[in-house]
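Peer 1: Have a look at this fold, sequence not included:
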Ligand SMILES: Cc1cc2nc3c(=O)[nH]c(=O)nc-3n(C[C@H](O)[C@H](O)[C@H](O)COP(=O)(O)O)c2cc1C
């Protein structure tokens, strides 16, 4: 059965050795974040913190819910041992058949209802995640639901949200993203605050879908249903018409005021640094909170890889770039967005290589802010093996003719190495590294890779592999 919520998910993760439940009291102020940080930096298990300092029994915090591919596979009902190519294939297969959500009227997320002056966002153990963060972040693994009033399209997105006071929050709402663009367009038309709902602690795949990129007007709820192989159950919010996953732990309802700015950040960001200055973003005013009994808040300890932002981005972008290149007729042998590089770098293997292919690939992939590096290798190089990729760069990419760089291109304001001025205006540099030998060198002039596969005839390779144990190797 697909997981309805994180409670069932953690139970299964405990059985597979992919979650640890901590009974010892943990402080929401940095200690919880530091634990999740070690988990992320060691590809360790998810962590359910059962006792949070200053909070009543039952108010829990789940850290690093989907910070590796093992947990994504489990969330999709697959074995944690599933290798990335198999995970990608299944992901692709499932997304081809969206499963529409169903609407329910009774929902666990409404076990407790708090409205108006009784709302106090500090009721939940929102963590101070990293030293130097601008505040306590209640939204780092959640779903922001907004509706485009023109098309009626409901968007799911995930954009960090910081507590400001008992009823107000503030978060990054970058107009380049779809949820924020709905908010700004909506406000421009109506000059009224824009209704929102935030679902915290939905089932793992629904949250994954919110943090993943899908096209405009594409229904993320249908993709979530497809990935979990069962419809998502949605329920109408208590105070507005938006719908949220019925089994989520906590629902925040209210309005976003694009004309009222509050200061937010800094925050540990996905490139692995706290690099953006504190600045103003639109205010969220929360007018109602509903939650389950003994709610579980969720936390992605975003920062140095690898956390959910890298894992979700790696699977989602590997899938979408691959499709984009294949649709353009590029002979893609394999493609990988390594989670270690946080979406800033893509490795593409092509077979056979054509002249100037790397630049074509770079231009097809680098249309947005990220990535800023595209590395093109031959079909012999394993794009999942960073040792092989590093070897390809060092041995095959000509330091002058092999690198094509563009300055003053579209850039992400979060990229740490851009200047403050570049970040402000969203401009930056990009580069394509061509790690293939010129096809015109032909077979005779192209250096032969001296590895096991290329350095020996098939008959010898077969013989050696067959006799491997007989030689005395294990
Ligand atoms: C854990 C996590 C945290 C994220 N934090 C942010 C964020 O703070 N701001 C942002 O613009 N995008 C953030 N993202 C990326 C967006 O959620 C992602 O681009 C998604 O596609 C947004 O939905 P949209 O395409 O409907 O706008 C985050 C993703 C994940 C998985």
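Peer 2: The structure has been received and is ready for your questions. Note that the structure is predicted; figures quoted are calculated from it, not measured.
Peer 1: residue boundaries of the strands in the stretch 151-300 of the chain?
Peer 2: Under the criterion DSSP state E, counting those that start in this stretch, the stretch 151-300 of the chain carries strands at the ranges 154-157, 161-163, 168-171, 194-200, 233-236, 243-245, 250-264, 279-291, 296-299.
Peer 1: Quick one: mean pLDDT over the fourth one.
Peer 2: On average, the pLDDT along strand 194-200 is 98.
Peer 1: so what pLDDT did residue 130 get?
Peer 2: In this prediction residue 130 is given a pLDDT of 98.
Peer 1: Measure how buried it is and give me the count.
Peer 2: 19 (other CB atoms under 10 Å). To be clear about C-beta, it is placed using only N, CA and C from the backbone, and glycine gets the same treatment.
Peer 1: Ignoring the adjacent residues along the chain, who's closest to it?
Peer 2: Closest residue to residue 130 in three dimensions, ignoring its sequence neighbours and counting by CB to CB, 6 or more residues apart in numbering: residue 268, at 4.2 Å.
Peer 1: ok, the one you found - contacts?
Peer 2: By CB atoms under 8 Å, 6 or more residues apart in numbering, the contact list for residue 268 reads 129, 130, 133, 274, 301, 302, 303, 304.
Peer 1: let's see it at 10 Å
Peer 2: Remark: with contacts taken as CB atoms under 10 Å, 6 or more residues apart in numbering, residue 268 is in contact with 33, 37, 129-133, 137, 140, 160, 274-275, 301-304, 307.
Peer 1: that's a helix at residue 325, yeah?
Peer 2: Yes. Secondary structure of residue 325 (DSSP: H, G, I helix; E, B strand; the rest coil): part of a helix.
Peer 1: ok, it - contacts?
Peer 2: 331, 332, 335, 346, 348, 350, 360, 361, 364, 365.
Peer 1: who in the stretch 101-250 of the chain is up against the ligand?
Peer 2: 140-141, 155, 157-160, 172, 174, 177-179, 211-213 (CB under 6 Å from any ligand atom).
Peer 1: Same check on the stretch 251-400 of the chain?
Peer 2: Close to the ligand, as judged by CB under 6 Å from any ligand atom, the stretch 251-400 of the chain has residues 300, 302, 308, 309, 312.
Peer 1: thinking again about what came up before, out of the contacts of residue 325, which sit inside helices?
Peer 2: Using DSSP state H to define helices, the subset of the contacts of residue 325 located there is 360, 361, 364, 365.
Peer 1: Just the buried residues of the residues you listed.
Peer 2: For the ones in helices among the contacts of residue 325, burial is judged from neighbour counts taken by 16 or more other CB atoms under 10 Å, and it is met by 360, 361, 364, 365.
Peer 1: can I get these in CSV with pLDDT?
Peer 2: Putting those into CSV (pLDDT from 0 to 100) gives the following:
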residue, pLDDT
360, 97
361, 98
364, 98
365, 97
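Peer 1: Tell me the buried residues in stretch 102-117?
Peer 2: Of the residues in stretch 102-117, 107, 108, 109, 110 count as buried by neighbour count, 16+ other CB under 10 Å.
Peer 1: Identify those among those residues that sit within strands.
Peer 2: Among the buried residues of stretch 102-117, DSSP state E puts none in strands.
Peer 1: So which of these is the closest to the ligand?
Peer 2: Closest approach between the buried residues of stretch 102-117 and the ligand, by CB to the nearest ligand atom: residue 109, at 20.5 Å.
Peer 1: Can you tell me how far that closest one is from residue 268?
Peer 2: Distance of residue 109 to residue 268, given as CB to CB, to the nearest Å: 28 Å.
Peer 1: right, and residue 46 touches residue 19 too?
Peer 2: Yes. If you go by CB atoms under 10 Å, residue 46 and residue 19 touch, sitting 4.4 Å apart.
Peer 1: Tell me which of the two has more neighbours.
Peer 2: More neighbours sit around residue 46 than around the other of residue 46 and residue 19, counting by other CB under 10 Å; the figures are 27 against 23.
Peer 1: so how far is residue 165 from that one?
Peer 2: Distance, residue 46 to residue 165, by CB to CB: 30 Å.
Peer 1: before we move on, what about residue 327?
Peer 2: 48 Å.
Peer 1: got it, and residue 335?
Peer 2: Here the distance between residue 335 and residue 165 works out to 46 Å (CB to CB).
Peer 1: for residue 371, same thing?
Peer 2: 38 Å.
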